[in-house]
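> next comes the sequence, and after it the predicted model I'd like to discuss.
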Amino acid sequence: MPATIVDPTSRITPWPGRFERVTTTIGGQDRSVNLYARHTPGPPNTTPFFHVHGLGGSATNWTDLATALQRVGASIALDLPGWGESDPAPDGNYSITAASRWTIAAIEAVADRPVHLVGNSMGGLISIRVAAMRPDLVETLTLISPAVPGFEAPTDADPRLALLAVPFLGDRLQQRYGPGDDAMARAKMSAAICFAHPENIPYERLLQQRDEVAVRAGYPWANAAFSGSLRGLVAAHLHRRKDHPWRLAATLDVPTTIIWGAADRLVPVKRAPKLGTTISGSQVHILDEVGHTAQLEAPVETAEFVVDLVRRASAGREAA
């Protein structure tokens, strides 16, 4: 393990956090919401990492990676509206566009400089949009299995995910297949989808996921946040406007690294080379025997790629 990387297993519990009152403009109206962000300490006067989770995730998805990176920079891990500890979206809008605006507002609220933006899955899609809309806020961009559109699908994906995006039917399915009383079973099912080797998950992480599932089941907005976010993800894939994710990716001019698990069952790894070609100057790293959430399943390797990106970006600025 390189000297710059901290052993992720040295941190058992999630990093502490606090609520931030964040305001942005959506649909021509100012909206405000309390968003929860977890903070990992780092060296003073360094660029912080800002982490954005995927569908069904939360800020705790970044505990291991934030721990591994703390010699390089502090980390801020956001709970998107309706997820983790954050309040629900004040207008019920869980679109990718709205989530991107909340992320921009959160960066402006909690960071005193541009950030190293890191996004996984849906959070990767949001991060592409943030970097395209506000490149002044993004020093580097790390995309971990970003949910960029494609027409192929993994053959072993859970078919209920597509049905959950259907209005009314999705709500009924969530009630039927929701956490219920067996939060541990739900936590294990999520791990089986996202990990190539779920049997290797540290037991304390599984317990934390179980507890999150149980707590989330008590939030009255949980189903709406899940189905709304999934519908927003599907809508971003289907539209062909100028802000389509692939078109936005082609406009990016920020140092970027793309990390993908070869065993990703949710977003096929075959999209990685195309994305690497689309984002000028980006580097692509494929991790064997890793699934959809490399920051959880391979935090040390992921951290090494992130640190390399930071160093390359720094060298490029100095050369300029």
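Ah, there it is.
> can you map out the strands along the stretch 1-150 of the chain?
For the stretch 1-150 of the chain, the strands defined by DSSP state E, counting those that start in this stretch cover 17-26, 29-40, 49-52, 75-78, 115-120, 138-144.
> residues in contact with the residue lying closest to Ser10 once chain neighbours are set aside?
Counting by C-beta to C-beta, 6 or more residues apart in numbering, Ser10 lies nearest to Thr67, which is 6.5 Å off, once chain neighbours are set aside. In short, each C-beta sits where N, CA and C put it, glycine included. Thr67 makes contact with 6-8, 10-11, 15, 40, 299, according to C-beta atoms under 8 Å, 6 or more residues apart in numbering.
> tell me the pLDDT of Thr67.
With respect to pLDDT, Thr67 has a value of 98.
> now Asp288
On pLDDT, Asp288 comes in at 97.
> pretty sure Glu212 contacts Ala59?
No. Here Glu212 lies out of contact with Ala59, judged by C-beta atoms under 8 Å, at a distance of 10.3 Å.
> quick one, what contacts the residue positioned nearest the centre of the chain?
With distances taken as C-alpha atoms, centre = their mean, the residue of the chain nearest its centroid is His53 (2.5 Å). Shown in contact with His53 (C-beta under 8 Å, 6+ apart): 59, 61-62, 77-80, 83-84, 120-123.
> how about 7 Å then?
His53 sits next to 59, 61, 80, 83, 120, 123 when contact means C-beta atoms under 7 Å, 6 or more residues apart in numbering.
> returning to what we had before: nearest to Val284, out of the strands of the stretch 1-150 of the chain?
Comparison of these against Val284 by C-beta to C-beta identifies strand 138-144 as nearest, at 9.6 Å.
> the closest residue to Pro255 other than its chain neighbours - how many residues pack around it?
Excluding the flanking residues, the one nearest Pro255 by C-beta to C-beta, 6+ apart is Ala313, at 4.0 Å. Other residues near Ala313 come to 19 when the count uses other C-beta atoms under 10 Å.
> residues contacting the helix or strand where Ala313 lies, please?
In the assignment (DSSP states H and E), Ala313 maps to helix 299-319. If you take C-beta under 7 Å, 6+ apart as the criterion, helix 299-319 is touched by 1-2, 4-5, 8, 64-65, 68-69, 72, 116, 118, 139-140, 142, 144, 255, 257, 259, 285, 287, 294-295.
> and it, how far out from the chain middle?
The chain centre lies 19 Å from the centre of helix 299-319; the measure is C-alpha atoms, centre = their mean, to the nearest Å.
> check which residues of it are buried.
Residues of helix 299-319 classed as buried: 299-307, 309-310, 313 (neighbour count, 16 or more other C-beta atoms under 10 Å).
> what's near enough to touch Gly82?
Contact partners of Gly82, counting by C-beta under 7 Å, 6+ apart, are 88-89, 94, 221, 225.
> got CSV for these, with distance to Arg31 too?
Shown next, in CSV, are those (distance: C-beta to C-beta, whole Å):
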residue, distance to Arg31
Pro88, 12
Ala89, 8
Tyr94, 13
Trp221, 15
Ala225, 15
